[in-house]
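In: Sequence plus predicted model, see below.
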Amino acid sequence: MNFTNKIVWITGASSGIGKALALELSKQNVKLILSSRNKTKLTIVKNECKNPLNVKILPLDLENYTSLFTKTTEALKLFNGIDILFNNGGISQRSLAKDTSIDVDKRIMDINYLGTIALTKALLPYFIEKNQGHFIVTTSIVGKIGTPLRSSYSASKHALHGFFDSLRAEVHKNNIKVTLACPGFVKTNVSLNALTGDGTPQEKMDDATKNGLTSEHFIKLLLKAVKHEKEEVYIGGFKEKLAVYVKRFFPKLLSTMIRKLAVT
């Protein structure tokens with residue numbers, strides 16, 4: 001795949017992985033549609049792009065997933081089409097399952113899962129009609145394995161894998177690609193914004209997140225995987241990637257390892 005002249009829509013584009021993705025793709029002669037809830041931050045990212053004239057901003061809220069069909073219609077009009085959708089927007093969690101309100105569980109599922117699939121379903125008929133398209137979904141290593149303090153977050157990411165694996169099989173005949181990108185620890189504000197048990201932000205950077213990959217490094221590896229049309233890719237440190245394979249071949253061993261992780 002060559003990104004040149006492609007029309008790319010990115011959610012969660014106001015910071016972190018989404019921002020780094022926008023800045024990198026802007027160097028590759030791409031037309032960009034940037035979305036998140038924060039219009040001011042999106043404007044800042046647009047102005048940092050190599051060619052701001054090739055960038056449009058479209059604020060949206062994934063939690064308000066019933067509005068996303070209308071937003072998709074707006075997005076398609078901005079450059080008269082879309083070639084690639086990076087489903088990158090989402091929110092994390094840091095709380096024990098026993099301390100997590102069911103309202104927090106629902107909010108995380110509404111944003112991470114229902115918001116993502118609503119946007120995907122809204123764009124899908126256009127991709128089918130065009131007989132071409134590519135969905136890239138930022139899930140997580142915890143979309144493959146569950147770890148303490150992330151039960152709701154992990155559940156939402158596992159759900160994405162189930163949906164998009166099914167979708168990939170259904171739309172193969174339409175030349176539509178699906179890439180599931182599973183980050184390990186990436187140095188972003190994800191842990192600062194993570195919801196605690198009562199729904200308030202944690203407002204603290206996890207040590208593992210602080211020491212994770214830079215967004216820029218992550219993006220280079222992600223775009224390489226997308227160019228090669230990988231179906232699923234794990235991007236992170238050695239231990240995070242190793243855990244996926246230990247889970248596959250030695251699940252009981254991984255369970256023992258996971259129980260030893262700090263939960264406070």
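Out: Everything's here; your move. Residues are numbered from 1 along each chain as shown.
In: okay, and for the stretch 151-264 of the chain, where does confidence drop off?
Out: Residues of the stretch 151-264 of the chain that meet the criterion pLDDT under 70 lie in 262-264.
In: all strands for it, in order.
Out: Taking DSSP state E, counting those that start in this stretch as the test, the strands found in the stretch 151-264 of the chain are 176-183, 232-235.
In: got the contact list for the longest one?
Out: Okay, so that is strand 176-183. Contacts of strand 176-183 with the rest of the structure, by CB atoms under 8 Å, 6 or more residues apart in numbering, involve 17, 124, 127-128, 132-141, 143-144, 160-161, 164-165, 167-168, 171, 213, 218, 222, 225-226, 229-236, 244. For the C-beta atoms, the positions are set from N, CA and C on the backbone; glycine is no exception.
In: follow-up on the earlier one: if you compare the strands of the stretch 151-264 of the chain, which one is most tucked away?
Out: Each of the strands of the stretch 151-264 of the chain was given a mean neighbour count from mean count of other CB atoms under 10 Å, and the largest, a mean of 22, is that of strand 176-183.
In: Dump that strand to CSV, restricted to CA.
Out: Output in CSV follows, covering the C-alpha atoms of strand 176-183 (Å, rounded to 0.1, in the frame of the first residue of the first chain):
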residue,chain,number,x,y,z
ILE,A,176,-11.9,-4.5,2.3
LYS,A,177,-9.0,-4.9,4.6
VAL,A,178,-9.0,-5.0,8.5
THR,A,179,-5.9,-4.5,10.6
LEU,A,180,-6.1,-4.9,14.4
ALA,A,181,-3.2,-3.0,16.0
CYS,A,182,-2.4,-4.0,19.6
PRO,A,183,-0.2,-1.6,21.4
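In: any idea whether residue 127 is helix, strand or coil?
Out: Classification of residue 127 into helix, strand or coil gives helix, according to DSSP: H, G, I helix; E, B strand; the rest coil.
In: Arrange the strands of the stretch 151-264 of the chain in CSV, one row each, with distance to residue 33 as further columns.
Out: Below are the strands of the stretch 151-264 of the chain laid out as CSV (distance: least, CB to CB, whole Å):
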stretch, distance to residue 33
strand 176-183, 18
strand 232-235, 23
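In: To residue 88, which of these lies closest?
Out: In this view, the strands of the stretch 151-264 of the chain are compared for proximity to residue 88 by CB to CB, and strand 176-183 is the closest at 8.7 Å.
In: Counting neighbours, which bits of stretch 249-264 end up buried?
Out: 254, 257 (16 or more other CB atoms under 10 Å).
In: contact partners of it?
Out: Residues from elsewhere that reach stretch 249-264, judged by CB under 8 Å, 6+ apart: 96, 145, 146, 147, 148, 149, 243, 246, 247.
In: what distance separates that stretch from the middle of the whole chain?
Out: Counting by CA atoms, centre = their mean, to the nearest Å, stretch 249-264 is centred 25 Å from the centre of its parent chain.
In: now do stretch 225-244
Out: In terms of CA atoms, centre = their mean, the centre of stretch 225-244 is found 14 Å from the chain centre.
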